[in-house]
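A.B. asks: structure, please.
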Amino acid sequence: MAYPSAGMEHRKHDSMAEAYDERVSAELFHLLWGQDRSAIPTVGDYAYEELWKRVILIGGSEEQRLSDVTLADQLGMSRTPVRQALERLVQEGLVRADPRRGFWTRTFTAQDIHEIYDLRGALEGLALRLAASRLSQEDLQAHLEALYAVRAELEARPVIRFLQVDIRFHMLITRASGNGRLIHSLSLLRSQICLFQVQDTLYPKRMEIALQDHEQILLALLAGHVDEAAECLARHIRHAKEGVLADIFAEGNHTLS
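C.D. replies: You can find the predicted model right below:
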(Lines give C-alpha, C1' and ligand atoms only; values in the text may rest on other atoms or scores of the structure.)
Protein backbone atom coordinates (compact mmCIF):
# COMPACT_ATOMS: atom_id res chain seq x y z
CA MET A 1 0.00 0.00 0.00
CA ALA A 2 1.15 3.50 -0.75
CA TYR A 3 -0.80 5.26 1.98
CA PRO A 4 1.36 6.87 4.68
CA SER A 5 0.89 5.35 8.10
CA ALA A 6 1.31 8.48 10.22
CA GLY A 7 -2.41 9.03 10.79
CA MET A 8 -3.00 5.43 11.79
CA GLU A 9 -0.68 4.46 14.58
CA HIS A 10 0.93 1.01 15.10
CA ARG A 11 -0.13 -0.24 11.70
CA LYS A 12 0.89 -3.76 10.67
CA HIS A 13 1.41 -5.20 7.21
CA ASP A 14 -1.26 -7.88 7.11
CA SER A 15 -2.66 -9.97 4.28
CA MET A 16 -4.99 -7.21 3.16
CA ALA A 17 -2.15 -4.73 2.77
CA GLU A 18 -0.17 -7.26 0.77
CA ALA A 19 -3.02 -8.31 -1.50
CA TYR A 20 -4.78 -5.05 -2.30
CA ASP A 21 -3.84 -1.52 -3.13
CA GLU A 22 -5.49 1.82 -3.78
CA ARG A 23 -6.94 0.63 -7.10
CA VAL A 24 -9.20 -1.83 -5.32
CA SER A 25 -10.37 0.58 -2.63
CA ALA A 26 -10.94 3.33 -5.22
CA GLU A 27 -13.06 1.01 -7.36
CA LEU A 28 -15.05 -0.13 -4.33
CA PHE A 29 -15.77 3.45 -3.36
CA HIS A 30 -16.93 4.22 -6.90
CA LEU A 31 -19.19 1.16 -6.96
CA LEU A 32 -20.80 1.87 -3.60
CA TRP A 33 -21.00 5.65 -3.62
CA GLY A 34 -20.40 6.78 -7.20
CA GLN A 35 -24.07 7.43 -7.94
CA ASP A 36 -24.36 9.51 -4.77
CA ARG A 37 -21.39 11.75 -5.52
CA SER A 38 -21.96 15.46 -5.91
CA ALA A 39 -21.16 16.90 -9.32
CA ILE A 40 -18.77 19.26 -7.56
CA PRO A 41 -17.30 17.40 -4.55
CA THR A 42 -16.56 19.46 -1.45
CA VAL A 43 -13.42 19.28 0.67
CA GLY A 44 -15.46 17.19 3.11
CA ASP A 45 -16.41 14.78 0.31
CA TYR A 46 -12.74 14.36 -0.58
CA ALA A 47 -11.78 13.77 3.06
CA TYR A 48 -14.52 11.17 3.45
CA GLU A 49 -13.48 9.30 0.31
CA GLU A 50 -9.82 9.18 1.26
CA LEU A 51 -10.46 8.05 4.84
CA TRP A 52 -13.07 5.48 3.74
CA LYS A 53 -10.54 3.89 1.37
CA ARG A 54 -7.89 3.71 4.07
CA VAL A 55 -10.19 2.23 6.70
CA ILE A 56 -11.55 -0.39 4.30
CA LEU A 57 -8.04 -1.68 3.58
CA ILE A 58 -7.26 -1.99 7.28
CA GLY A 59 -9.89 -4.70 7.41
CA GLY A 60 -11.65 -4.34 10.77
CA SER A 61 -9.38 -6.77 12.60
CA GLU A 62 -7.11 -4.35 14.42
CA GLU A 63 -7.87 -1.21 16.42
CA GLN A 64 -5.82 1.70 15.16
CA ARG A 65 -5.90 5.35 16.19
CA LEU A 66 -6.98 7.92 13.62
CA SER A 67 -5.37 11.24 14.42
CA ASP A 68 -7.42 14.05 12.89
CA VAL A 69 -4.43 16.37 13.21
CA THR A 70 -2.09 14.04 11.32
CA LEU A 71 -4.69 13.08 8.73
CA ALA A 72 -5.50 16.73 8.05
CA ASP A 73 -1.82 17.38 7.49
CA GLN A 74 -1.52 14.41 5.13
CA LEU A 75 -4.56 15.48 3.12
CA GLY A 76 -3.55 19.14 3.05
CA MET A 77 -6.70 20.52 4.67
CA SER A 78 -8.01 21.81 7.97
CA ARG A 79 -9.16 19.51 10.76
CA THR A 80 -12.85 20.40 10.31
CA PRO A 81 -13.58 18.37 7.11
CA VAL A 82 -11.45 15.51 8.46
CA ARG A 83 -13.45 15.39 11.68
CA GLN A 84 -16.69 15.55 9.68
CA ALA A 85 -15.51 12.62 7.56
CA LEU A 86 -14.56 10.65 10.67
CA GLU A 87 -17.97 11.32 12.21
CA ARG A 88 -19.61 10.00 9.04
CA LEU A 89 -17.52 6.85 9.28
CA VAL A 90 -18.68 6.52 12.89
CA GLN A 91 -22.29 6.58 11.64
CA GLU A 92 -21.45 3.81 9.14
CA GLY A 93 -19.95 1.65 11.88
CA LEU A 94 -16.38 1.63 10.53
CA VAL A 95 -14.90 4.01 13.13
CA ARG A 96 -15.61 4.58 16.81
CA ALA A 97 -15.24 7.82 18.72
CA ASP A 98 -13.89 7.95 22.27
CA PRO A 99 -14.52 11.31 24.00
CA ARG A 100 -11.12 11.16 25.68
CA ARG A 101 -9.02 9.16 23.23
CA GLY A 102 -10.25 10.38 19.85
CA PHE A 103 -11.14 8.31 16.79
CA TRP A 104 -10.21 4.65 16.30
CA THR A 105 -10.90 2.04 13.66
CA ARG A 106 -13.54 -0.43 14.77
CA THR A 107 -12.79 -4.07 15.35
CA PHE A 108 -15.41 -6.71 14.62
CA THR A 109 -16.28 -9.99 16.30
CA ALA A 110 -18.04 -13.11 15.04
CA GLN A 111 -21.21 -11.86 16.74
CA ASP A 112 -20.99 -8.67 14.69
CA ILE A 113 -20.85 -10.77 11.52
CA HIS A 114 -23.95 -12.71 12.54
CA GLU A 115 -25.82 -9.47 13.18
CA ILE A 116 -24.65 -7.71 10.01
CA TYR A 117 -25.44 -10.58 7.65
CA ASP A 118 -28.71 -11.56 9.33
CA LEU A 119 -29.93 -7.98 8.97
CA ARG A 120 -28.68 -7.88 5.41
CA GLY A 121 -30.59 -11.07 4.61
CA ALA A 122 -33.87 -9.69 5.94
CA LEU A 123 -33.52 -6.33 4.19
CA GLU A 124 -32.29 -7.64 0.83
CA GLY A 125 -34.97 -10.32 0.80
CA LEU A 126 -37.60 -7.59 1.13
CA ALA A 127 -35.83 -5.50 -1.50
CA LEU A 128 -35.87 -8.37 -3.99
CA ARG A 129 -39.60 -8.98 -3.57
CA LEU A 130 -40.33 -5.28 -4.04
CA ALA A 131 -37.96 -5.03 -7.00
CA ALA A 132 -38.99 -8.16 -8.91
CA SER A 133 -41.74 -6.54 -10.99
CA ARG A 134 -39.55 -3.51 -11.73
CA LEU A 135 -36.54 -5.41 -13.09
CA SER A 136 -36.39 -5.62 -16.87
CA GLN A 137 -35.45 -8.80 -18.70
CA GLU A 138 -32.75 -6.81 -20.51
CA ASP A 139 -31.08 -5.70 -17.26
CA LEU A 140 -31.22 -9.18 -15.76
CA GLN A 141 -29.80 -10.76 -18.92
CA ALA A 142 -27.00 -8.18 -19.03
CA HIS A 143 -26.02 -9.00 -15.45
CA LEU A 144 -26.09 -12.71 -16.25
CA GLU A 145 -23.77 -12.21 -19.24
CA ALA A 146 -21.40 -10.11 -17.13
CA LEU A 147 -21.37 -12.91 -14.55
CA TYR A 148 -20.46 -15.50 -17.19
CA ALA A 149 -17.63 -13.29 -18.46
CA VAL A 150 -16.09 -13.10 -14.98
CA ARG A 151 -16.57 -16.82 -14.39
CA ALA A 152 -14.55 -17.54 -17.55
CA GLU A 153 -11.61 -15.66 -16.00
CA LEU A 154 -11.70 -17.13 -12.49
CA GLU A 155 -8.34 -18.84 -12.80
CA ALA A 156 -6.76 -15.39 -13.11
CA ARG A 157 -8.53 -14.26 -9.90
CA PRO A 158 -10.19 -11.15 -11.37
CA VAL A 159 -10.94 -9.56 -7.99
CA ILE A 160 -11.93 -6.12 -9.25
CA ARG A 161 -14.16 -7.45 -12.04
CA PHE A 162 -15.78 -9.87 -9.60
CA LEU A 163 -16.51 -7.09 -7.13
CA GLN A 164 -17.96 -4.98 -9.93
CA VAL A 165 -20.36 -7.74 -10.97
CA ASP A 166 -21.28 -8.63 -7.40
CA ILE A 167 -21.88 -5.14 -6.05
CA ARG A 168 -23.68 -3.86 -9.15
CA PHE A 169 -26.11 -6.78 -8.95
CA HIS A 170 -26.96 -6.16 -5.32
CA MET A 171 -27.26 -2.43 -5.95
CA LEU A 172 -29.62 -3.14 -8.87
CA ILE A 173 -31.98 -5.05 -6.60
CA THR A 174 -31.77 -2.51 -3.79
CA ARG A 175 -32.45 0.53 -5.97
CA ALA A 176 -35.21 -1.21 -7.93
CA SER A 177 -37.13 -1.78 -4.68
CA GLY A 178 -38.31 1.82 -4.88
CA ASN A 179 -38.45 2.03 -1.08
CA GLY A 180 -36.36 5.00 0.05
CA ARG A 181 -36.16 3.95 3.68
CA LEU A 182 -35.13 0.44 2.75
CA ILE A 183 -32.46 1.78 0.39
CA HIS A 184 -31.18 4.05 3.17
CA SER A 185 -31.09 1.21 5.71
CA LEU A 186 -29.08 -1.00 3.35
CA SER A 187 -26.75 1.88 2.54
CA LEU A 188 -25.78 2.02 6.22
CA LEU A 189 -24.61 -1.59 5.95
CA ARG A 190 -22.75 -1.13 2.66
CA SER A 191 -19.33 -0.34 4.03
CA GLN A 192 -19.33 -3.03 6.71
CA ILE A 193 -20.46 -5.70 4.25
CA CYS A 194 -17.91 -4.51 1.70
CA LEU A 195 -15.10 -4.64 4.25
CA PHE A 196 -15.57 -8.37 4.86
CA GLN A 197 -16.52 -9.24 1.30
CA VAL A 198 -13.21 -7.86 0.08
CA GLN A 199 -11.27 -9.86 2.66
CA ASP A 200 -13.04 -13.07 1.75
CA THR A 201 -11.97 -12.90 -1.89
CA LEU A 202 -8.54 -13.92 -0.56
CA TYR A 203 -9.87 -17.39 0.18
CA PRO A 204 -10.34 -20.30 -2.28
CA LYS A 205 -13.63 -20.73 -4.12
CA ARG A 206 -15.44 -17.78 -2.55
CA MET A 207 -15.82 -15.95 -5.84
CA GLU A 208 -16.94 -19.14 -7.56
CA ILE A 209 -19.56 -19.83 -4.89
CA ALA A 210 -20.89 -16.27 -5.06
CA LEU A 211 -21.15 -16.39 -8.85
CA GLN A 212 -23.05 -19.68 -8.69
CA ASP A 213 -25.48 -18.15 -6.21
CA HIS A 214 -25.95 -15.04 -8.35
CA GLU A 215 -26.61 -17.19 -11.41
CA GLN A 216 -29.40 -19.04 -9.60
CA ILE A 217 -30.99 -15.78 -8.44
CA LEU A 218 -30.85 -14.26 -11.92
CA LEU A 219 -32.22 -17.34 -13.67
CA ALA A 220 -35.13 -17.48 -11.19
CA LEU A 221 -35.90 -13.80 -11.74
CA LEU A 222 -35.71 -14.20 -15.51
CA ALA A 223 -38.22 -17.05 -15.24
CA GLY A 224 -40.51 -14.95 -13.06
CA HIS A 225 -40.09 -17.24 -10.04
CA VAL A 226 -39.88 -14.64 -7.29
CA ASP A 227 -40.16 -17.03 -4.33
CA GLU A 228 -37.36 -19.17 -5.72
CA ALA A 229 -35.22 -16.09 -6.33
CA ALA A 230 -35.80 -14.95 -2.74
CA GLU A 231 -34.78 -18.38 -1.45
CA CYS A 232 -31.64 -18.30 -3.60
CA LEU A 233 -30.78 -14.84 -2.32
CA ALA A 234 -31.23 -15.94 1.29
CA ARG A 235 -28.95 -18.91 0.64
CA HIS A 236 -26.39 -16.65 -1.04
CA ILE A 237 -26.21 -14.31 1.95
CA ARG A 238 -26.01 -17.30 4.29
CA HIS A 239 -23.09 -18.66 2.24
CA ALA A 240 -21.38 -15.26 2.44
CA LYS A 241 -21.81 -15.12 6.21
CA GLU A 242 -20.57 -18.67 6.71
CA GLY A 243 -17.56 -17.97 4.51
CA VAL A 244 -16.56 -14.87 6.48
CA LEU A 245 -17.04 -16.67 9.80
CA ALA A 246 -15.00 -19.67 8.68
CA ASP A 247 -12.22 -17.84 6.86
CA ILE A 248 -11.71 -14.79 9.04
CA PHE A 249 -13.05 -15.82 12.43
CA ALA A 250 -12.43 -19.60 12.24
CA GLU A 251 -16.00 -20.30 13.29
CA GLY A 252 -17.54 -23.54 12.16
CA ASN A 253 -16.65 -25.85 9.32
CA HIS A 254 -17.84 -24.32 6.11
CA THR A 255 -18.51 -27.22 3.77
CA LEU A 256 -18.21 -25.06 0.65
CA SER A 257 -14.56 -24.12 1.39
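
A.B. asks: C-alpha only now, for contacts and for neighbours.
C.D. replies: Fine.

A.B. asks: how far away is the residue of the chain most remote from its centre from Leu94?
C.D. replies: In the chain, counting by Cα atoms, centre = their mean, Arg100 sits farthest out from the average C-alpha position, at 30.0 Å. Plainly put, Arg100 is 19 Å away from Leu94 if you go by Cα to Cα, to the nearest Å.

A.B. asks: same question, Glu63
C.D. replies: Glu63 is 11 Å from Leu94, by Cα to Cα.

A.B. asks: of those two, who's got more company?
C.D. replies: More neighbours surround Leu94 than the other of Glu63 and Leu94, with 24 against 19 (other Cα atoms under 10 Å).

A.B. asks: in space, what's closest to Leu245 - neighbours in sequence excluded?
C.D. replies: Glu251 (5.1 Å; Cα to Cα, 6 or more residues apart in numbering).

A.B. asks: looks to me like the one you found is in a helix.
C.D. replies: No: going by DSSP: H, G, I helix; E, B strand; the rest coil, the assignment for Glu251 is coil, not a helix.

A.B. asks: next, the residue farthest from the centre of the chain: phi, psi?
C.D. replies: Dihedral pair for Arg100: phi -100, psi -20, per degrees, to the nearest 10.

A.B. asks: cool, and the one 3 residues further on?
C.D. replies: Dihedral angles of Phe103 (phi, psi; degrees, to the nearest 10) stand at phi -100, psi 140.

A.B. asks: so what sits against both of Glu63 and Leu94?
C.D. replies: Shared contacts of Glu63 and Leu94 (Cα atoms under 8 Å, 6 or more residues apart in numbering): 105-106.

A.B. asks: over to Arg88. Which of the three states is it?
C.D. replies: helix.

A.B. asks: ok, now which ones touch it?
C.D. replies: Contacts of Arg88 (Cα under 8 Å, 6+ apart): Tyr48.

A.B. asks: so how far is Asp73 from Leu32?
C.D. replies: Leu32 sits 27 Å away from Asp73 when distances are taken as Cα to Cα.

A.B. asks: what do you get for Gly60?
C.D. replies: 24 Å.

A.B. asks: more neighbours: which of these two?
C.D. replies: The residue with more neighbours, out of Gly60 and Asp73, is Gly60; 20 against 15, by other Cα under 10 Å.

A.B. asks: before we move on, back to that, where does the residue nearest to Leu245 land on pLDDT?
C.D. replies: What the model reports as pLDDT for Glu251 is 81.

A.B. asks: and if you look at Leu154?
C.D. replies: The confidence metric pLDDT takes the value 93 at Leu154.
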